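Colleague: Predicted model, plus sequence, below.
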Amino acid sequence: MSTARASVFTPTARIARASRAHRARVAKPFAATAEAPANAALRQFPDAPAKIIEHDDVLGWAQLESKLIAACATNAGDSSVNARFQAAALLGATTTYDAVNELSVVEVYTQVYEGDLTTCSTIIDVHLRILCESMIDGDWERIGNCYKKFHDLPPQLKRQSLLATSAVAEAALLFTKEEYEYMVSFLQDMYESPDATEELKAEYEVNLEMVTAIDRFIDEMQKNKDERDRS
């Protein structure tokens with residue numbers, strides 16, 4: 001493995017291994033909500049299960065990990081992708097687990113859906129997986145393509161479905177972003193110091209990349225959630 005290749009691949013592999021170990025520690029409580037069928041209803045349409053983007057509609061975490069490793073190999077020597085790929089590697093099932101256990105996120109969910117947290121965890125998990133794949137590919141139109149799943153619904157139901165699913169996802173994304181925003185703020189002055197180490201600079205850039213990616217993803221959600229005038 002060349003030095004340039006290692007600079008892209010090795011940190012990502014290390015993060016991926018840590019992520020797998022952490023997932024193993026929380027697998028049982030998470031699986032109880034994440035993998036069961038979603039069956040909540042929209043509060044404005046309580047008589048039928050809400051339509052959402054399901055787990056099978058997007059790549060799973062294991063598939064995303066494989067895709068990231070392949071992307072690292074393909075882009076070996078391109079240091080411009082380091083921060084983006086390493087930030088993508090930080091996302092995983094535990095990110096969903098943390099968000100589902102955040103009260104502010106649950107409060108948003110219960111304002112728009114009736115039912116247990118199965119649907120909440122599904123909405124959050126699939127959006128994080130779409131975010132991860134968007135970061136790997138550099139393709140920010142993926143969320144808009146996924147939201148096309150709602151286009152065959154009657155107009156009012158379509159609108160409310162998009163507003164509800166994006167509200168829950170945005171609450172989870174903003175919660176997730178807080179940790180990385182804090183690190184960016186904490187490391188900012190040190191990053192700008194002439195004494196900053198390469199490791200510190202890399203950590204700052206990964207955290208900044210995550211913040212930037214989440215903001216861009218939310219912007220794409222906002223552009224695609226209001227479908228009243230679209231076919």
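Modeller: Here it is on my side, so go on.
Colleague: Please point out which parts of whichever strand or helix holds residue 191 sit buried.
Modeller: Assigned by DSSP states H and E, residue 191 belongs to helix 155-192. Buried residues in helix 155-192, counted by 16 or more other Cβ atoms under 10 Å: 157-162, 164-177, 180-181, 183-184, 187, 191. (Each C-beta comes from the backbone N, C-alpha and C, glycine too.)
Colleague: which strands and helices sit next to it?
Modeller: Contact here means 3 or more Cβ pairs under 8 Å, 6 or more residues apart in numbering; DSSP states H and E; on that basis helix 155-192 packs against strand 41-42, helix 93-100, helix 103-112, helix 117-137, helix 198-225.
Colleague: which residues of this structure score low on pLDDT?
Modeller: For the chain, residues meeting the criterion pLDDT under 70 lie at 1-38, 226-231.
Colleague: need the contact list for residue 115.
Modeller: 39, 40, 41 (Cβ atoms under 8 Å, 6 or more residues apart in numbering).
Colleague: so which strand or helix has the nearest residue to the first one once chain neighbours are set aside?
Modeller: Ranked by Cβ to Cβ, 6 or more residues apart in numbering and with sequence neighbours excluded, the top spatial neighbour of residue 39 is residue 49, at 5.2 Å. When secondary structure is defined by DSSP H and E, residue 49 falls outside every helix and strand.
Colleague: repeat for residue 196
Modeller: If you go by DSSP H and E, residue 196 is not part of any helix or strand.
Colleague: I'd like to know how far the nearest residue in space to it that is not next to it in sequence sits from residue 199.
Modeller: The shortest distance from residue 196 to any non-neighbouring residue, by Cβ to Cβ, 6+ apart, is to residue 190 (5.6 Å). From residue 190 across to residue 199, the span is 11 Å (Cβ to Cβ, to the nearest Å).
Colleague: count of neighbours near residue 223?
Modeller: If you count neighbours by other Cβ atoms under 10 Å, residue 223 ends up with 13.
Colleague: re the thing from before, kindly supply the ChimeraX command isolating those of the contacts of residue 115 that are buried.
Modeller: Selection of buried members from the contacts of residue 115 for ChimeraX, criterion 16+ other Cβ under 10 Å:
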select :40
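Colleague: Turn the contacts of residue 115 into JSON lines, including distance to residue 89.
Modeller: Output for those, formatted as JSON lines (distance: Cβ to Cβ, whole Å):
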{"residue": "39", "distance to residue 89": "32"}
{"residue": "40", "distance to residue 89": "31"}
{"residue": "41", "distance to residue 89": "36"}
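Colleague: tell me which residues form a beta bridge with residue 113?
Modeller: Following DSSP bridges, residue 113 is listed with bridge partners residue 42.
Colleague: and residue 136, what is it in contact with?
Modeller: 64, 67, 68, 71, 84, 85, 88.
Colleague: Can you add secondary structure, distance to residue 145 and neighbour count and give those residues back as JSON lines?
Modeller: As requested, the contacts of residue 136 are exported to JSON lines (DSSP: H, G, I helix; E, B strand; the rest coil; distance: Cβ to Cβ, whole Å; neighbours: other Cβ atoms under 10 Å):
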{"residue": "64", "secondary structure": "helix", "distance to residue 145": "17", "neighbour count": "23"}
{"residue": "67", "secondary structure": "helix", "distance to residue 145": "17", "neighbour count": "16"}
{"residue": "68", "secondary structure": "helix", "distance to residue 145": "20", "neighbour count": "24"}
{"residue": "71", "secondary structure": "helix", "distance to residue 145": "19", "neighbour count": "21"}
{"residue": "84", "secondary structure": "helix", "distance to residue 145": "20", "neighbour count": "20"}
{"residue": "85", "secondary structure": "helix", "distance to residue 145": "22", "neighbour count": "23"}
{"residue": "88", "secondary structure": "helix", "distance to residue 145": "19", "neighbour count": "29"}
